[in-house]
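Student: Show me how the following folds:
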Amino acid sequence: MKKLVISILFVMQVVFAFAQQGTLVKGKVVDAKTQKAMQNVVATLQNTTQTALTNSDGIFVFQSAPAGSHLLEINSTGYARQILSIEVTEGQPLDVGLVVLEEDQTQEQQLSLITITENDLGDDNSGSESTAGLLQASRDAFQQAAAFNWGQARFRIRGLDNEYGTTMINGIVMNKLYDGRPQWSNWGGLNDATRNQEFTMGSAPSDYTFGGILGTQEINTRASYYRPGTRISFSGTNTNYSWRTMATHASGMNKDGIAYVISASRRWAEEGYFDGTDYSANSFFASVEKKFNDKHSLNFTAIYAQNSRGKNSPNTAEVTSIAGEKYNSYWGWQDGKKRNSRDKDVEEPIFMLSHYWKISDKTNLNTNVSYQFGEIGNSRIDYQNADNPDPTYYRNLPSFFTSMYDGDIFTGNTPGNIASAKTAEFLTQRQIDWNAMYDANKGTSNGRSAYVLYEDRSDDKTWTANTILGSQLSDNIILNAGATYRRLESHNFQNLLDLLGGQFFEDVDNFYPGSRGQADLNNPDRRVVVGDTYGYNYKLLANTIDAFTQFKFTYEKFDFYVAQSFSRSEYQRDGLYRNGLYANNSYGKSTKYDFENFGFKGGLTYKLTGRHLFSFNAAHMTKAPSLRNTFPNARLNDNVVTDLQSENISSVDASYVIRTPKLKARLTGFYSSIENATETSFFYGEGIFEGDSSSDTDAFVAETVTNISKRNIGVELGIEYQITPTIKATATGNYGQYTYSNNPNVSINNDAAATLTNTNPVVDFGKSSLKDYRVAGTPQQAYSVGLEYRDPHFWWIGANANYLADNYMDVSALLRTNNFFEDPTTNGLSFENIDEANARKLLKQERFKDFYLINLTGGKSWRIDGKTFGFFASINNVFDQSYKTGGFEQSRNANYLQLDRDVSSGTPSFGPKYFYGYGRTYFVNLYINF
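Tutor: Okay, the predicted model is just below:
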């Protein structure tokens with residue numbers, strides 16, 4: 001230990017000089033515990049283009065280094081980086097000596113991070129997760145706070161959805177073509193195997209891709225990059241799963257030029273934090289590399305991550321007040337066990353083959369091909385000619401009676417309705433009644449099931465091929481370039497899972513009579529059984545190509561870069577059913593739709609000194625609409641959004657950065673603009689369409705909001721200060737204003753109005769007054785202060801306090817159109833006697849309550865007989881704060897009169913639905929490394 005302390009103090013204070021031309025600078029890196037040499041550690045002279053890797057003896061060498069003051073950074077995955085201040089003088093070759101690296105306990109925290117993206121924000125049947133982006137922590141203090149401290153509150157960096165970031169494995173983009181978002185579950189549970197990561201923030205340059213305006217995350221699975229050894233861990237928690245076991249082994253490169261890595265894990269829970277949320281996940285990873293010679297290596301990676309979990313429901317304030325924040329309406333008792341009706345199942349293996357070609361000492365070419373296939377299923381209950389099985393169906397709740405009107409007269413406060421509210425079905429039957437559904441199916445005369453369990457399935461096949469070039473053109477110029485081709489075939493259909501005691505289910509929609517209710521006119525009146533496809537059946541086809549070039553220039557006082565990209569996307573729908581509502585535009589292949597896009601970005605860094613830097617980044621790009629937003633009603637027809645255009649995206653950020661051995665800080669101001677965005681949703685609405693007093697103005701509709709513009713502006717701060725060799729303090733903050741900057745257009749697809757001649761029954765509701773409303777989905781203010789003590793005897797403890805504010809309700813665009821004030825029974829005339837002040841109150845966006853979170857972390861490790869034993873523990877939300885992470889307005893009451901009556905009753909039947917965060921949670925991880 002004495003040698004360790006002396007070594008650390010020595011390398012922290014040593015000052016050396018070396019020549020700019022032909023000066024040899026070297027050092028040796030060792031592990032603090034084992035004192036063994038470390039291979040493949042990255043040594044970097046900051047603010048230059050010079051980097052070096054340690055060899056098998058732990059030695060790094062710079063052949064030539066410029067004169068002047070420098071910061072020498074020593075960095076290796078799983079270890080706390082060292083930054084050494086050095087002064088270089090010409091003509092004096094230098095041996096830096098011994099550099100000692102300690103285990104980075106934040107890496108243990110990252111390996112223990114339970115990614116919140118495994119929980120739904122909405123009842124969305126897409127495969128990807130609509131959640132905060134790039135939620136794995138990097139070295140930046142701000143990003144670590146965003147992941148570990150604020151992630152549990154759904155914090156989004158810069159207010160951006162993760163479709164504006166790029167997630168890659170070995171340079172291959174993992175964002176789904178369907179909606180632009182990564183499916184994190186595809187490599188869930190493989191924390192050890194995916195720990196080799198590189199990050200960029202915002203539009204900063206990446207060596208692998210042009211990227212988006214949120215940043216990039218590159219996961220490298222090259223087998224020779226893993227530190228040799230074995231790691232076994234076992235964890236317990238009370239979040240979305242209860243237990244996790246994981247094992248990983250890396251061989252290192254042997255004398256025959258072969259290296260391999262294998263990793264496997266299992267995560268499970270009978271019930272997670274929220275009621276009825278079962279969890280089961282099995283993951284496997286393998287990577288094998290063959291080094292043929294100093295110029296060529298081939299690496300094969302296989303990733304398999306199977307995940308099945310029960311979802312939890314968003315709930316109205318009424319339901320939560322009765323049943324609590326952990327209440328989940330999706331499950332019910334069956335044979336003494338909790339059965340969730342809404343499981344999400346993901347099973348999409350990935351296979352990658354990567355070729356690494358070292359063309360010269362200054363040029364490398366990496367070529368990859370990958371194939372991903374599998375299925376994603378989201379289950380739910382379907383029913384025909386039967387009561388809605390949802391226990392929170394509005395007729396089952398007390399508010400159904402206490403918000404009732406008889407014509408224009410409020411009757412919710414009459415003795416009869418008050419008595420009925422006290423005996424509402426939800427008060428005695430809060431969960432799904434599986435037995436009642438089985439009984440109903442057995443009671444039909446011909447064996448027809450009135451209730452069944454099915455899943456919305458997406459079976460994707462994705463082929464990807466890309467090549468990435470990196471070349472140092474001169475001492476000051478680096479070229480990065482790449483090209484990628486992706487092809488997707490996505491089969492989407494309803495798959496019948498369980499007849500619930502019946503013999504068959506009829507493949508018709510009873511809401512529509514005759515042939516209009518047929519799912520497939522080519523095979524009418526089908527009786528389907530378990531394993532059959534029914535309801536809808538189609539394929540989405542996509543082909544995309546993209547290419548980028550990037551030049552980085554590094555000089556003594558200035559660094560700058562320029563990059564450009566081009567992409568082309570081609571989409572098509574192939575209908576496999578001839579739907580009864582859309583007989584002429586549902587079957588067969590649609591027209592192909594093409595989008596060509598470009599991007600330009602650049603940045604500048606001014607080095608006031610080696611420790612004080614100013615950086616500036618700017619980007620402008622266009623982005624093709626996703627498949628989801630191109631075909632808004634793909635289940636039934638091949639119609640596309642009218643006048644669909646690519647998004648226009650602009651971004652600017654400016655930073656002041658301090659980097660010293662003790663103090664690391666970054667202050668950033670950022671601005672982004674997104675224009676021509678499109679969003680789609682589905683719901684049942686009342687009083688939407690015009691008619692007379694005898695007309696049915698209600699319908700289940702597909703809503704499309706187009707020409708959306710958003711503006712995100714804010715400031716980020718991250719400070720990390722090493723007070724003493726054992727005590728470190730951090731302070732981070734984010735202040736943002738994320739708003740709609742225009743009034744987008746709203747249109748509704750009314751399937752009930754579809755005919756053989758009216759194949760696109762879209763009603764244009766005009767502009768929605770969303771300008772200056774806040775964009776939902778994230779706290780727009782977040783602040784954190786933390787303190788960490790790291791003892792020389794390899795134990796540590798940390799605490800942080802967090803304040804999160806300015807999180808808003810997701811508002812309904814339809815409610816803010818002129819339709820809201822129109823009486824649907826008078827063919828477009830406005831309601832009489834509208835109270836404008838009350839209307840503003842009804843349409844005011846709800847701001848969630850601000851809240852504090854206190855988190856504790858700690859750990860200890862021991863070195864025994866060449867093995868490292870350790871544990872990591874954390875307690876989040878120590879004081880069990882209750883807080884909302886999100887919510888959305890229901891659009892069912894689509895006009896002023898209905899919404900006013902519902903709200904003014906004091907017990908609305910269709911109030912907003914909310915998501916709640918975790919209360920007090922813990923995580924304990926035990927591990928052994930050898």
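
Student: CA only for contacts and neighbour counts going forward, please
Tutor: Noted.

Student: Adjacent strands (with direction) for the helix or strand hosting residue 305?
Tutor: Assigned by DSSP states H and E, residue 305 falls within strand 296-310. The pairing partners recorded for strand 296-310 under DSSP bridges are strand 279-291 (antiparallel), strand 343-347 (antiparallel), strand 350-360 (antiparallel).

Student: Adding distance to residue 638, mean pLDDT and mean neighbour count, write those strands out as TSV.
Tutor: What follows is these, written out as TSV (distance: least, CA to CA, whole Å; pLDDT from 0 to 100; neighbours: other CA atoms under 10 Å):
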stretch	distance to residue 638	mean pLDDT	mean neighbour count
strand 279-291	36	97	22
strand 343-347	26	96	22
strand 350-360	30	97	18
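
Student: Now render those strands as JSON lines, adding distance to residue 477.
Tutor: Listed next are the strands paired with strand 296-310 as JSON lines, based on distance: least, CA to CA, whole Å:
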{"stretch": "strand 279-291", "distance to residue 477": "29"}
{"stretch": "strand 343-347", "distance to residue 477": "43"}
{"stretch": "strand 350-360", "distance to residue 477": "16"}
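
Student: Can you say which of these is nearest to residue 396?
Tutor: strand 343-347 (23.6 Å; CA to CA).

Student: Alpha carbons of the closest one, in CSV - could you do that?
Tutor: The C-alpha coordinates for strand 343-347 follow below in CSV (Å, rounded to 0.1, in the frame of the first residue of the first chain):
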residue,chain,number,x,y,z
ASP,A,343,-46.7,-8.9,-21.6
LYS,A,344,-43.9,-7.6,-23.8
ASP,A,345,-41.8,-10.4,-25.3
VAL,A,346,-38.6,-9.6,-27.2
GLU,A,347,-36.3,-12.1,-28.9
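
Student: how about the strands in the stretch 601-750 of the chain?
Tutor: 612-623, 647-659, 663-685, 699-722, 727-740, 745-750 (DSSP state E, counting those that start in this stretch).

Student: helices or strands next to the fourth one in the packing?
Tutor: Yep, that's strand 699-722 we're talking about. Applying 3 or more CA pairs under 8 Å, 6 or more residues apart in numbering; DSSP states H and E, one finds that strand 699-722 contacts helix 141-144, strand 663-685, strand 727-740, strand 745-750.

Student: gap between residue 858 and residue 363?
Tutor: To residue 363, residue 858 is 44 Å away according to CA to CA, to the nearest Å.

Student: and the helix or strand hosting residue 365, which strands flank it?
Tutor: Using DSSP H and E, residue 365 falls within strand 363-383. Partners of strand 363-383 in the sheet, by DSSP bridges, are strand 343-347 (antiparallel), strand 350-360 (antiparallel), strand 451-472 (antiparallel).

Student: about what we covered before: redo the helices and strands packed on strand 699-722 as TSV? Include mean neighbour count.
Tutor: Shown next, in TSV, are these (neighbours: other CA atoms under 10 Å):
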stretch	mean neighbour count
helix 141-144	22
strand 663-685	19
strand 727-740	21
strand 745-750	21
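
Student: What is the least confident helix or strand in the chain?
Tutor: Ranking every helix and strand in the chain by mean pLDDT, DSSP states H and E puts helix 2-13 at the bottom, with a mean of 37.

Student: next helix or strand past that helix?
Tutor: That would be, after helix 2-13 and using DSSP H and E, strand 25-31.

Student: show me where pLDDT drops low in the chain?
Tutor: 1-22, 105-139, 684-700 (pLDDT under 70).

Student: re the thing from before, ok now the strand holding residue 365, how far from the chain's centre?
Tutor: 15 Å (CA atoms, centre = their mean, to the nearest Å).

Student: Check the secondary structure at residue 572 for me.
Tutor: With DSSP: H, G, I helix; E, B strand; the rest coil as the basis, residue 572 sits in strand.

Student: List the contacts of it.
Tutor: In this structure, residue 572 makes contact with 540-542, 589-593, judged by CA atoms under 8 Å, 6 or more residues apart in numbering.

Student: now do residue 331
Tutor: Contacts of residue 331 by CA under 8 Å, 6+ apart are 276, 338-342, 431-432.

Student: Any idea what it is bridged to?
Tutor: residue 340.

Student: what ranges do the helices span in the stretch 801-930 of the chain?
Tutor: Applying DSSP state H, counting those that start in this stretch to the stretch 801-930 of the chain gives helices spanning 836-843, 896-904.

Student: With the stretch 501-650 of the chain instead?
Tutor: Using DSSP H, counting those that start in this stretch, helices in the stretch 501-650 of the chain cover 627-630.

Student: now do the stretch 201-350 of the chain
Tutor: Using DSSP H, counting those that start in this stretch, helices in the stretch 201-350 of the chain cover 317-323.

Student: ditto for the stretch 51-200 of the chain
Tutor: 105-111, 141-144.

Student: coming back round to it: tabulate the strands paired with strand 363-383 in a markdown table, adding columns for distance to residue 745.
Tutor: Formatted as a markdown table, the strands paired with strand 363-383 follow (distance: least, CA to CA, whole Å):
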| stretch | distance to residue 745 |
| --- | --- |
| strand 343-347 | 33 |
| strand 350-360 | 39 |
| strand 451-472 | 29 |
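
Student: what's the closest of these to residue 720?
Tutor: strand 451-472 (32.5 Å).

Student: buried set for that closest one?
Tutor: 451-472 (16 or more other CA atoms under 10 Å).

Student: before we move on, back to that, could you take the helices and strands packed on strand 699-722 and lay them out as JSON lines, with extra columns for distance to residue 921?
Tutor: Shown next, in JSON lines, are the helices and strands packed on strand 699-722 (distance: least, CA to CA, whole Å):
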{"stretch": "helix 141-144", "distance to residue 921": "19"}
{"stretch": "strand 663-685", "distance to residue 921": "30"}
{"stretch": "strand 727-740", "distance to residue 921": "23"}
{"stretch": "strand 745-750", "distance to residue 921": "41"}
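
Student: Minimum distance to residue 205: which of the ones you listed has it?
Tutor: Closest among the helices and strands packed on strand 699-722, using CA to CA: strand 663-685, at 16.1 Å.

Student: How far does the closest one sit from its chain's centre?
Tutor: With CA atoms, centre = their mean, you get 13 Å for strand 663-685.

Student: Run through the residues that contact the residue nearest to residue 797 when sequence neighbours are not counted.
Tutor: Leaving aside its chain neighbours, residue 797 sits nearest to residue 858 (4.0 Å; criterion: CA to CA, 6 or more residues apart in numbering). For residue 858, the contact set (CA under 8 Å, 6+ apart) comprises 795-798, 872-874.
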